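S.K.: here's my sequence, what's the structure:
(chains A, B and C)
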Amino acid sequence: MSEDMSEKVLMKGNEAIAEAAIMAGCRHYFGYPITPQTELTAYMAKRLPKMEGGVFLQAESEIAAINMVIGVSSAGKRVMTSSSSPGISLKGEGLSYLAGCDLPAFVVNVQRGGPGLGGIQPSQSDYFQATRGTHGDYHTIVLAPDSVQEMVSLTVKGFELADKYRMTSMLLADGTLGQMMEPVSLDVGEIKTFDKPWATTGTKMQRPNNIINSLSLIPEELEQWNMTRFERYKVVEENEVMYEEYMMDDAEICLVSFGITARVSKNAINEARAQGIKAGMIRPITLWPFPKKALCEAADKVKAFISVEMSMGQLIEDVELATRCKKPVLLCNRCGGVIPSPQNVMDKIVEANNLGGEKA
Amino acid sequence: MATSKVLFAGFGGQGILFSGKFLAYNGLIADKNVSWLPSYGPEMRGGTANCSVIISDEPIGSPIITNPDMLVVMNNPSLEKYEGEVVPGGKIFVDSSLIDRKVERKDVEVYYIPATKMAADEGLDTLANMILVGKLIKESGITDFENVSAVLDKIVSAKHQDLKEFNHKALRLGYEYAE
Amino acid sequence: MTTVFDRPHALKDVQLHYCPGCTHGIIHRLVAECIDELGIEGRTIGIASVGCSVLTYNYFNVDMIQAAHGRAPAVATGAKRADPNNIVFTYQGDGDLAAIGTAETVHSAARGENITVIFVNNAIYGMTGGQMAPTSLPGQVTQTSPYGRDTKTVGYPVKVCELLSNVDGATYLERVAVNDVKNVNNAKRAIKKAFQYQMEGKGFSLVEVLSTCPTNWGLTPEKAIKWLEDNMIPYYPLGVYKDKYAEKEGK
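M.R.: Numbering: from 1, shown residues only, chains lettered A, B, ... in the order given. Alright, predicted model coming up:
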């Protein structure tokens, strides 16, 4: 590790997440090996035991790992787990409990192709799983980096948001981002921390006991808990939406894409511009909260949208909802571990441009 | 050149990923934008391994290389797979000790280096990859040869000083190789 | 006036929800008495499980975490690792610990997690209304084994102490019962020892407490005690199944 934090180093995405988590104050990691995120687990195995208070534990299952996360989070400490798609399914139970208990946690999904055991090549087909979640009414903050540098900044941000709103934040990456190396600066600035008077740290005989719990057998009480929680979610939706606009000033075709496909899309947009087609992109950085307003406003200016994704049409549903179907939304997708090529995207841009949609 | 897209391909165990990493670091110390993307999975063990490196003055969009400017190949299957993908006018670096055929394309520049044999002759087993990289540095202009020591300092740990010397020697062999 | 009998401080002054004659109340009291006597209330974290004991978070006067079904030992692992100075215990029933949570049980023992597990075995799923448990006896009639547990089709009960006694990481395993005064006193001794071992950093301890479920067994409390004595104790013999430190001291 470089001593000068501003100096850039080449790091794999998976390792950069791990290092950023440590910089964010995370000293507890629980995981289970799965491709293509294993470098993250391995990095933590090497680093954490050498740090004061550092705990690395390879759990017996993904289920156990997320529940160990619940134990540490209850104690008020920053904690994380990571996995890839099938493993995240197993963690699903714990994600719902984290939400029901209002516990902060940071979870990484380096996606691979599915369903089932699927494959090990990159995918974005856990979009629904990440943004819709498992049982019960709840939300997860979903952060979608498109570079190794952003994996660093969003990891730090993820820990902060989790603590601030007592929620799970999930970093939704994919096999490409996890495996690739890019120069990164590890200068992450000052880390924000939050008081946790609710934590089960032991009463020290000085306060009433704290209880971390998601159970209520009284419907009206459970309803009220959910209402209160959704008031907090509303604040998140109002304040924490993040997205990037790329060449949107005069765009007539608006691509919507996140993560690695957003980078492929940038190549295609540059090519389209070279051919005189005014393409641009809105890249959601938070998938929940989704940049609904930005997309809705764009719908009044552009003639068509293209959802570029590595899934069979998941992101596109949020684009259609956000744009109120004011303009056509085309799907440009590959799946199963196949990454769309810039040419795939370019072809779709040409198709969208030929739609002859009415220009505002 | 504003952007160089280099694809390294061969068998797992030939140092394909390390070659790419070495080149990527050359970009890093020159303050360029860099991306390094490996193939991953079971094919890493004995099957084909490949690694894409992009070095650019501009921000890098996709790190995936569809059509490389330069191809470094260390086995027959990789040449079969990627020969047709190289851009016209691109460069192909062939380990001619391991690849028994000539490149069929006429619109690319081809360099045949018997890297594996050279490495064996010089007691540099496992460093055929770096001999090829030496040649690539010479012919591509991606980086100055003077930089390679600094890069090796970054990626080879100090306790393996001997490895650094071996790598340097291999790079020089390739750099000075003339067919 | 001298108070000779009082509620332990670690047990809240609230009405428990357990059915009449259920022995959960006794076990709660024993755990709370041990916490009091060891002076660890201020640094004890309890992990409630799913089943009849789901509401234990309302009863113990210590910081509590309610865990998902079967996951209490994993949650306890996190809680303990987050602050090793705290005393962490789980309170789990047989379905939770020996069916859905088997992996968490075995692996927390294998790791030698320095936690204490209070395992209440009443050979039935109580909370959901009397279904067959992993510890239901051969031939035992339950809602989901209405013709009696047929070992040919659903196999045999899981003997947790025997199973874990082969796990190197486990430190202290003892099976007790709360059917009479002598056994209740013995159960308290075992629970206290388990907590003491944790305080001394000795590793994973589990106390299996044979318990009754008059409601779902369809018996009066008195007959339930008799059923436990006649059927459960012979199948699940009481005693110490493992004590690493007694072995070392040649006891």
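S.K.: residues of chain B that sit close to chain C?
M.R.: With the criterion set to CB under 8 Å from any CB of the partner chain, chain B never comes near chain C. Every C-beta, even on glycine, is put in place using the N, C-alpha and C of the backbone.
S.K.: what's the longest helix in chain C?
M.R.: Longest helix of chain C, by residue count under DSSP state H: helix C:181-199.
S.K.: ok, is that helix in contact with chain A or not?
M.R.: No - shown here: helix C:181-199 not in contact with chain A (CB under 8 Å from any CB), separated by at least 13.5 Å.
S.K.: what's the spacing between that helix and its chain's center?
M.R.: The chain centroid and the centroid of helix C:181-199 are separated by 12 Å, computed with CA atoms, centre = their mean, to the nearest Å.
S.K.: helices and strands around it, which ones?
M.R.: If you count contacts as 3 or more CB pairs under 8 Å, 6 or more residues apart in numbering or on different chains; DSSP states H and E, helix C:181-199 packs onto helix C:24-38, strand C:87-93, strand C:116-121, strand C:170-177, strand C:204-210.
S.K.: quick one, the last one and helix C:181-199 angle?
M.R.: Angle between the axes of strand C:204-210 and helix C:181-199 is 160 degrees (criterion: axes from the mean of the first three to the mean of the last three CA atoms, to 10 degrees).
S.K.: following element in sequence after strand C:204-210, please.
M.R.: Proceeding N to C from strand C:204-210, the next assigned helix or strand is helix C:214-217, under DSSP states H and E.
S.K.: what's that following helix packed up against?
M.R.: Against helix C:214-217 (3+ CB pairs under 8 Å, 6+ apart) you get helix C:221-227.
S.K.: okay, residue C:4: pLDDT?
M.R.: pLDDT recorded at residue C:4 is 86.
S.K.: so what touches the longest helix of chain C?
M.R.: C:26-27, C:30-31, C:33-35, C:37-38, C:40, C:87-89, C:114-118, C:171-172, C:174, C:176-178, C:203, C:205-207, C:209, C:238, C:245 (CB atoms under 8 Å, 6 or more residues apart in numbering or on different chains).
S.K.: could you rerun that using 7 Å?
M.R.: Helix C:181-199 is contacted from outside by C:26, C:30-31, C:33-34, C:37-38, C:87, C:114-116, C:118, C:171-172, C:174, C:176-178, C:205, C:207, C:209, using CB atoms under 7 Å, 6 or more residues apart in numbering or on different chains.
S.K.: returning to what we had before: can you redo the helices and strands packed on helix C:181-199 as TSV with mean neighbour count and distance to chain B?
M.R.: Shown next, in TSV, are the helices and strands packed on helix C:181-199 (neighbours: other CB atoms under 10 Å in any protein chain shown; distance: least, CB to the nearest CB, whole Å):
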stretch	mean neighbour count	distance to chain B
helix C:24-38	21	50
strand C:87-93	30	39
strand C:116-121	28	40
strand C:170-177	24	37
strand C:204-210	28	37
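S.K.: got JSON lines for these, with distance to residue C:81 too?
M.R.: Converted to JSON lines, the helices and strands packed on helix C:181-199 look like this (distance: least, CB to CB, whole Å):
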{"stretch": "helix C:24-38", "distance to residue C:81": "21"}
{"stretch": "strand C:87-93", "distance to residue C:81": "9"}
{"stretch": "strand C:116-121", "distance to residue C:81": "15"}
{"stretch": "strand C:170-177", "distance to residue C:81": "17"}
{"stretch": "strand C:204-210", "distance to residue C:81": "13"}
